[in-house]
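>>> how would this look folded up:
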Amino acid sequence: MDGPIVAAVGRITKEKGFQYLIRALPTVVQRIPTVKAVIAGEDFGFLSNLKCLAIEQGVDGNVIFVRLSHEEIKGLLTDSCVVAIPSI
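Next comes the predicted model:
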């Protein structure tokens, strides 16, 4: 993956606050256009909302949604420049 990675891991629900990460991303993209926000977790009915929000914010090309094993999550966290925990 090109560019720095901001990782966020957890259930894809409103309470995990990933929407706040996506809303903050345009500011980060202005300074670091190659940044990728990787949101890893199982969808609990909120993924489509987050995808729509990423499109609305103009950062859909900078957000990656994935479901990873525990071992893959360890690798993601190791490779990331920043880990975001936006839970509410």
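
>>> bridged to the residue nearest the centre of the chain, which residues?
In the chain, the centroid-proximal residue (C-alpha atoms, centre = their mean) is residue 39; its distance is 3.3 Å. As for beta bridges, residue 39 partners with residue 8, residue 65 under DSSP bridges.

>>> and residue 65, what pLDDT?
Looking at residue 65, its pLDDT is 98.

>>> I'd assumed residue 47 was in contact with it.
Yes - applying C-beta atoms under 8 Å, one finds residue 65 in contact with residue 47, separated by 6.3 Å. In short, each C-beta sits where N, CA and C put it, glycine included.

>>> what residues are shared contacts of the two?
Shared contacts of residue 65 and residue 47, defined by C-beta atoms under 8 Å, 6 or more residues apart in numbering, are found at residue 12.

>>> next, residue 12: phi, psi?
phi -80, psi 90 (degrees, to the nearest 10).

>>> list the contacts for it?
18, 39, 41-47, 50, 65.

>>> 7 Å - rerun?
18, 41-44, 46-47, 50 (C-beta atoms under 7 Å, 6 or more residues apart in numbering).

>>> so of the residues you listed, which ones are in strands?
Among the contacts of residue 12, no member is found in strands (DSSP state E).

>>> picking up where we left off before, got the contact list for the residue nearest to the centre of the chain?
When the contact criterion is C-beta under 7 Å, 6+ apart, the partners of residue 39 are 8, 18, 63, 65.
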